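**Student:** what shape does this take:
(3 chains)
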Amino acid sequence: MTFPEVEFIGAVEILGTFAFAVSGAIAAIRNRYDVFGVLVLAFVTAVGGGTLRDMMVGNMPVSWLTNNLAIGSATLGFLVAIAMRSQIKRFQTWILFFDAAGLGLFTVMGTQVGLEAGMNIGISVTLGTITGCFGGVIRDVLSGTRPLIFRKEIYAMASFIGGLLYVGMLAITHAVIWAQLVGIVSIIVMRMIALNKGWRLPQIKYEV
Amino acid sequence: MTFPEVEFIGAVEILGTFAFAVSGAIAAIRNRYDVFGVLVLAFVTAVGGGTLRDMMVGNMPVSWLTNNLAIGSATLGFLVAIAMRSQIKRFQTWILFFDAAGLGLFTVMGTQVGLEAGMNIGISVTLGTITGCFGGVIRDVLSGTRPLIFRKEIYAMASFIGGLLYVGMLAITHAVIWAQLVGIVSIIVMRMIALNKGWRLPQIKYEV
Amino acid sequence: MTFPEVEFIGAVEILGTFAFAVSGAIAAIRNRYDVFGVLVLAFVTAVGGGTLRDMMVGNMPVSWLTNNLAIGSATLGFLVAIAMRSQIKRFQTWILFFDAAGLGLFTVMGTQVGLEAGMNIGISVTLGTITGCFGGVIRDVLSGTRPLIFRKEIYAMASFIGGLLYVGMLAITHAVIWAQLVGIVSIIVMRMIALNKGWRLPQIKYEV
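**Tutor:** Residues are numbered from 1 along each chain as shown, chains lettered A, B, ... in the order given. All right, here's what the predicted structure looks like:
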C-alpha cells in the first residue's frame, strides 16, 4: 500500500515543483531579469515552500539538499519557460493548471508532515497552506510585487480548504491515498473555477 | 517562583501576539488585501519573530507549531481589527500600546532564550531584538513598504536598550521576574514617549 | 595542515563579513534610514547568507550566535561606512573588491559545508551560491529594490562557477587550501572583470 502512494506523491511532487519553477521563471522574464536570474527565481519559487516547512518542523537538511529531483525539476521548468516564452499566453491555462497542481500537492504534503509530527488539525493545515503558498510569496517579493495570494483569485483559502478536506477524508476513510487525491483535486478544482469565474474574496472596506 | 513567572510571561505573550496580529491585519486592510489575505498577514506578523528565533537557535518544531495560543491570538487579533476597522484612528493609541507591549515581551523572551543557551550578552540581546522586530519587518515587506523600523520613531533601538536593561537587572538582582518587568516596561515607556514626542534617530547625511 | 587553513578562512571570513556589512550600511544610508537602521541592515546583509545556510543544513545555533566575530565585523563595517560616507565614490572600487571577496569566501564555505555533509556537487555548489548571494538579496529587499543579483553584472553566476572550480580543484589536487584559493580568487577576478567591462548576461527577450 505504501509503495504506489509514494510513487504517486513522487510524480505529483515533480510536476508541482516543475509548475512552480515555470511560474517563477515567467515572473523573472517579465521583470527583465538576466538569464541566470531567471534560473534562480525559478528555483527559489519551486523549493521555497518546502524549505520553510522543513526548517520550521526541524527536518534538516531540508529536502532539496538531499535529493536531485528538486533541482532537476526546477531546471526543467526554467528551460521550458525560456523555450515557450513567446507562447506564454497560449499556454497560460496549462501554467495555471500546473501551478494549481503544485499548490494542491504541497499543501497536502505539508499537512501530512504536521499530522505525522503529532500536531493538531488546525496547525497541520496551516503548515500545509504555508508550504503551498510560500514559494509564490517569495517569487512576488523578489519580483517587487505585493504578493498575489493576498489579493487575487482565491488562492491561500483554496489551499486551506483543501487541507481541511484531506484531513477530513483521512479521518473518515483512513485511506491515505484517497484522502490525498481528494485534497489535491479539490484544490485544483477550486483554483480553476476561481480563475474562470474571477472569484475573489471580498476586501475589507474601511474609511479613515 | 517559576509558576507565577511562567503565567506572567504566558499572559503577556498572548497580548503581544494579539497586538502584532492587529497591526498586521490593519496593514493588510490598508493595502486592500482580501479577507483571507488579512488573516494571513495578521498571522505572519504575529508569529514571524518567534519563528525566526526558533529556527536560528535550533528550537524545532518552532513554537507556534506546538501550541494553539499563537493561532488563537492571531485569529482574535484579525477579528478585532476587522470589527473595529472604522474606529482604527480612535483606537490608534491602544494599538500602539499593544504593539509596544508585544515588542517588549518578545524582546525579553528572545534575549532569555539566548542567555539560557549560553550565548553572551551582546548576542543574546541581538537575538531578542530580532525576535521583537522581525514580525514587523515581514509585515512591511509583504505590504510593499520599506520597513518602518529602519526609519521611524525609535523602535529597534528601544528593543535593544530594553534587552540590555533586562540583562543588567538580571545580573544585579538575580530575580528573573523583576528583570523581565523592567525590560518589558522600559521598552513600552521608550516607545510611548518616542511616539508622543516624535523622537527619531538622526539620519546619516551624505552627499554623493 | 588544518591550522593555517583555518586561520586563512578565518581572516577571509572577517573581511567578507566586513565587506558585506559596508555594502548593507551604504544601501541603508542611501535609503535615508536612521542610524540604528543602518546598523541593522549592515548586520543583516553580513550574516544573512550564512544564517540561511546554517538553518537549511541543520547547523544550529546558526554560526553568528556562537562567536563574536560576525557582530564585531558587522559593527566595524557599519562604522567605516558612516565614517567614509562622503568619500563613498572614491572608495567604490575597494567596496566592490571587498564585496567580491566576501562573495568568494562565503560561496566556498557554503560549498564546503555541503560536501562535508555528503551532498552531491550540484547541490553543494547551489548551497554555496545561496550562502554567497542571499545577504545581498535581503539587503535589496529591505531597501525596496528588486534584487541586483538578478539583473546586474554577472554575480550569482560568478559565484556558481567559482564554486564549481573549487570542487574541481579539490577533486584533482585533494589540497583543500589550494582549492579554496582557486575558488575565491576566481570569483573575485570574474566580478572585477565583469564590473570593469560591464559584462552582463543576456536578458530573455519576449513579446506578449
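**Student:** tell me which residue is most central in chain A.
**Tutor:** A:Leu103 (2.9 Å; Cα atoms, centre = their mean).
**Student:** show me the contacts for it.
**Tutor:** A:Leu103 sits next to A:16, A:132-133, A:155, A:158-159, A:187-188, A:191 when contact means Cβ atoms under 8 Å, 6 or more residues apart in numbering or on different chains. C-beta here means a position set from N, CA and C on the backbone, and glycine is covered the same way.
**Student:** which residue packs closest to it, ignoring adjacent ones?
**Tutor:** Leaving out its chain neighbours, the residue that sits closest to A:Leu103 by Cβ to Cβ, 6 or more residues apart in numbering or on different chains is A:Gly132, at 4.7 Å.
**Student:** chain neighbours aside, what residue packs nearest to A:Gln203?
**Tutor:** Using Cβ to Cβ, 6+ apart, the nearest residue to A:Gln203 is B:Arg32, at 5.1 Å.
**Student:** how close does the one you found get to A:Pro202?
**Tutor:** 11 Å (Cβ to Cβ, to the nearest Å).
**Student:** let me know the pLDDT of A:Leu105.
**Tutor:** For A:Leu105, the model assigns a pLDDT of 89.
**Student:** correct me, but it touches A:Val185?
**Tutor:** No - assessed by Cβ atoms under 8 Å, A:Leu105 is found out of contact with A:Val185, at 10.6 Å.
**Student:** run the chain-centre distance for the strand or helix carrying A:Leu103.
**Tutor:** Element membership for A:Leu103 (DSSP states H and E) is helix A:92-116. Here helix A:92-116 is found 4 Å from its chain centre; the criterion is Cα atoms, centre = their mean, to the nearest Å.
**Student:** for the helix or strand just after that helix, list the C-alpha coordinates in PDB.
**Tutor:** Sequence order places helix A:121-142 as the next helix or strand after helix A:92-116, per DSSP H and E. Extracted C-alpha coordinates of helix A:121-142, given in PDB (Å, rounded to 0.1, in the frame of the first residue of the first chain):
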ATOM      1  CA  ILE A 121      -5.600  19.700  12.700                       C
ATOM      2  CA  GLY A 122      -5.600  23.500  12.600                       C
ATOM      3  CA  ILE A 123      -1.900  23.800  12.900                       C
ATOM      4  CA  SER A 124      -1.200  21.000  10.400                       C
ATOM      5  CA  VAL A 125      -3.400  22.600   7.800                       C
ATOM      6  CA  THR A 126      -1.800  26.000   8.400                       C
ATOM      7  CA  LEU A 127       1.600  24.300   7.900                       C
ATOM      8  CA  GLY A 128       0.300  22.800   4.700                       C
ATOM      9  CA  THR A 129      -1.000  26.200   3.500                       C
ATOM     10  CA  ILE A 130       2.300  27.800   4.200                       C
ATOM     11  CA  THR A 131       4.100  25.000   2.300                       C
ATOM     12  CA  GLY A 132       1.800  25.500  -0.600                       C
ATOM     13  CA  CYS A 133       1.800  29.300  -0.800                       C
ATOM     14  CA  PHE A 134       5.200  30.500   0.400                       C
ATOM     15  CA  GLY A 135       7.100  29.800  -2.800                       C
ATOM     16  CA  GLY A 136       4.700  32.200  -4.600                       C
ATOM     17  CA  VAL A 137       5.100  34.800  -1.900                       C
ATOM     18  CA  ILE A 138       8.900  34.700  -2.300                       C
ATOM     19  CA  ARG A 139       8.500  34.900  -6.100                       C
ATOM     20  CA  ASP A 140       6.400  38.000  -5.700                       C
ATOM     21  CA  VAL A 141       8.600  39.700  -3.100                       C
ATOM     22  CA  LEU A 142      11.700  39.100  -5.300                       C
END
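**Student:** any idea how far A:Asp34 is from A:Val40?
**Tutor:** Distance from A:Asp34 to A:Val40, by Cβ to Cβ: 10 Å.
**Student:** equivalent analysis for A:Val47, please.
**Tutor:** Going from A:Val47 to A:Val40 by Cβ to Cβ gives 11 Å.
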